[in-house]
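A.B. asks: no sequence on this one, just coordinates:
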């Protein structure tokens, strides 16, 4: 079950940086992350909000980074493909990036 945060709670995902490029800061690479999402929607419909479409996949990336106790996901790449027919179209979104930690860490305890 996904954790929900009230307006008074601090969501730890808010502190995880997501960048499509590199960062000018020392970091430790923790892992690579890949995730997908599918939305039943027509990409070019007038009521389609692309920010909303990509919100869930960004949350998935940040959740994976949070599992590592990491600070950021860098060099993120996003792609999408519209699949299906006009009557039953879906948008498949694929994202990947590098999970990094800015603060010093000891691996293995």
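C.D. replies: All right, it came through fine. Being a predicted model, the structure only gives us computed values, none of them experimental.

A.B. asks: for the residue of the chain most remote from its centre, phi and psi?
C.D. replies: The outermost residue of the chain relative to its centre, with distances by Cα atoms, centre = their mean, is residue 87 at 28.6 Å. Dihedral pair for residue 87: phi -80, psi -30, per degrees, to the nearest 10.

A.B. asks: could you measure it against residue 78, distance?
C.D. replies: Distance, residue 87 to residue 78, by Cβ to Cβ, to the nearest Å: 26 Å. Where C-beta positions appear, they are placed from N, C-alpha and C, glycine not excepted.

A.B. asks: same deal with residue 34?
C.D. replies: Counting by Cβ to Cβ - residue 34 and residue 78 are separated by 12 Å.

A.B. asks: Just list the residues touching residue 81, thanks.
C.D. replies: Contacts for residue 81 (Cβ atoms under 8 Å, 6 or more residues apart in numbering) come out as 91-92.

A.B. asks: just residue 84 next, same as before
C.D. replies: residue 90.

A.B. asks: For beta bridges, what are the partners of it?
C.D. replies: For residue 84, the beta-bridge partners under DSSP bridges are residue 89.

A.B. asks: State the distance from residue 63 to residue 87.
C.D. replies: Distance from residue 63 to residue 87, by Cβ to Cβ: 33 Å.

A.B. asks: my bad, should have said residue 70
C.D. replies: Counting by Cβ to Cβ, the gap from residue 70 to residue 87 is 42 Å.
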